[in-house]
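**Q** need a 3D model of the following:
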Amino acid sequence: MDDYLVKATSTDGLFRAYAVNAKQNVATAQKDHHTSAVSSVVLGRVLIATTMLATSVNKNDEAITAKINGKGMTGEIVADSDANGHVKGFMHNPQVPVTNDAGQAMTIGEAVGTDGFVEVTRTSEGEDPYTSSVPLTSGEIGDDFTYYLAQSEQIPSAVGVSVTLDQKGGIETAGGYLIQVLPGAKDEAITKIVNRINALPAISEILKTDELPESILEHIFGKGNLHFLNKMPVEFYCNCSKVKFGRDLEGLPVPQLETMLKEDKGIDVTCNFCQSKYHYNEDELATIIAAAKSRSQKSE
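**A** Numbers count the residues shown, from 1 in each chain. Sure thing, here's the model as predicted:
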């Protein structure tokens with residue numbers, strides 16, 4: 001089944017809800033980045049949370065970059081997603097071991113760490129980027145995005161994310177939910193949903209039984225208590241290209257580029273997000289240097 005995200009509101013108008021099945025997305029990330037078991041789960045959780053966060057924004061042209069660095073073994077984890085279901089991401093250490101120094105199973109919170117922040121940057125065409133951050137609370141990702149939404153966006157929310165592996169180490173299930181409280185919701189209604197979330201079966205168990213993300217939300221709100229607004233495909237998608245990287249290279253110091261041309265006779269560039277590789281030969285690098293010089297002269 002292809003990955004997709006559903007958007008809904010509760011029939012009482014007090015909650016907005018999102019859920020996603022992202023198995024193929026996370027499997028693509030695992031394949032591209034050759035992630036270990038622990039790293040696959042961490043990167044997958046961040047991709048899922050960022051996808052839901054980005055699709056919850058109001059502007060179709062708005063994109064989100066989430067960065068998490070708790071000074072754990074994963075190093076920094078970065079995910080980009082737009083409001084149309086396109087997501088990509090990478091992590092600095094894709095090979096976190098399954099056991100810690102004490103020989104015990106590595107937990108996700110331990111791998112990510114908590115000595116750092118969740119940083120979210122919103123970008124929209126024609127506007128300056130806006131960045132906000134909050135301290136990590138657990139390193140488990142769902143809790144951290146929940147805290148971010150409450151503190152930075154001032155939206156009481158609940159975020160649940162899950163990635164499980166099969167016996168061969170491939171992605172078995174990957175998905176999550178995002179519940180947001182709307183104005184007018186009373187404490188009684190909020191407490192009821194919180195209790196239902198606390199009693200929720202594991203997301204992985206729901207997705208094993210029924211791959212539909214709608215089922216996650218129906219477990220939380222009950223069948224018949226949701227208005228499903230729309231269903232949107234989601235995919236691991238990187239818009240990198242040789243032309244784009246060439247423009248980025250034009251921003252490097254000219255002496256650095258000239259050294260690359262003289263000593264290396266060209267340059268190889270690898271995209272962090274999708275691992276695509278681009279080679280610039282001598283002629284192409286000379287053209288980039290000429291453009292860099294022109295840019296430098298115009299800025300003087």
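**Q** what sits against Val112?
**A** Counting by CB atoms under 8 Å, 6 or more residues apart in numbering, Val112 touches Val42, Ile68, Gly70, Gly72, Thr74, Ile77, Leu136, Gly139, Glu140, Ile141. (C-beta placed from N, C-alpha, C; glycine too.)
**Q** quick one, what contacts the most centrally placed residue in the chain?
**A** Among the residues of the chain, the one closest to the centroid is Leu47, at 2.9 Å (CA atoms, centre = their mean). Residues near Leu47 by CB under 8 Å, 6+ apart: Ala22, Asn25, Val26, Ala29, Ala79, Ser81, Val87, Gly89, Phe236.
**Q** what does the last one show for phi and psi?
**A** This means Phe236. Phi and psi for Phe236, reported as degrees, to the nearest 10, are phi -80, psi 110.
**Q** now the third one
**A** Recorded main-chain torsions at Val26 are phi -70, psi -40, according to degrees, to the nearest 10.
**Q** please enumerate the helices of the stretch 201-300 of the chain.
**A** Assigned by DSSP state H, counting those that start in this stretch, the helices in the stretch 201-300 of the chain fall at 203-209, 213-221, 242-249, 254-259, 282-299.
**Q** nearest to Gly126, out of the ones you listed?
**A** Nearest to Gly126 among the helices of the stretch 201-300 of the chain is helix 242-249 (19.3 Å), distances taken as CB to CB.
**Q** still on that earlier bit, now the helices of the stretch 201-300 of the chain as CSV including mean pLDDT, mean neighbour count and distance to Tyr147?
**A** Converted to CSV, the helices of the stretch 201-300 of the chain look like this (pLDDT from 0 to 100; neighbours: other CB atoms under 10 Å; distance: least, CB to CB, whole Å):
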stretch, mean pLDDT, mean neighbour count, distance to Tyr147
helix 203-209, 96, 18, 19
helix 213-221, 98, 22, 19
helix 242-249, 96, 14, 33
helix 254-259, 94, 14, 41
helix 282-299, 86, 14, 41
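**Q** distance between stretch 264-275 and the chain's centre?
**A** Mean C-alpha position of stretch 264-275 versus that of the full chain (CA atoms, centre = their mean, to the nearest Å) differs by 23 Å.
**Q** repeat that for stretch 11-20.
**A** On the basis of CA atoms, centre = their mean, stretch 11-20 sits 21 Å off its chain's mean C-alpha point.
**Q** avg pLDDT for that stretch?
**A** For stretch 11-20, the mean pLDDT works out to 98.
**Q** list the buried residues in that stretch.
**A** For stretch 11-20, a neighbour-count test (16 or more other CB atoms under 10 Å) marks Leu14, Phe15, Arg16, Ala17, Tyr18, Ala19, Val20 as buried.
**Q** again, but for stretch 134-152
**A** Buried positions in stretch 134-152, judged by neighbour count with 16+ other CB under 10 Å: 134, 136-149.
**Q** of those residues, which pair is most distant in space?
**A** Gly139 and Leu149 (16.9 Å).
**Q** tally of neighbours for Ala199?
**A** 9 (other CB atoms under 10 Å).
**Q** which helix or strand lies directly C-terminal to whichever helix or strand Thr51 is part of?
**A** Assessed by DSSP states H and E, Thr51 sits inside helix 37-55. Downstream of helix 37-55, the next assigned helix or strand under DSSP H and E is strand 63-69.
**Q** got the angle between that next one and helix 37-55?
**A** In terms of direction (axes from the mean of the first three to the mean of the last three CA atoms, to 10 degrees), strand 63-69 departs from helix 37-55 by 150 degrees.
**Q** show me what counts as buried in strand 63-69.
**A** So for strand 63-69, counting by 16+ other CB under 10 Å, buried means Ala63, Ile64, Thr65, Ala66, Lys67, Ile68, Asn69.
**Q** could I have whichever helix or strand comes after it exported to PDB, CA atoms only?
**A** Next along the chain after strand 63-69, taking DSSP H and E as the criterion, comes strand 77-82. Extracted in PDB, the C-alpha atoms of strand 77-82 (Å, rounded to 0.1, in the frame of the first residue of the first chain):
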ATOM      1  CA  ILE A  77      19.000  14.500  12.800                       C
ATOM      2  CA  VAL A  78      17.500  16.700  10.100                       C
ATOM      3  CA  ALA A  79      14.200  16.400   8.300                       C
ATOM      4  CA  ASP A  80      12.600  18.700   5.600                       C
ATOM      5  CA  SER A  81       8.900  18.500   4.700                       C
ATOM      6  CA  ASP A  82       6.500  20.700   2.800                       C
END
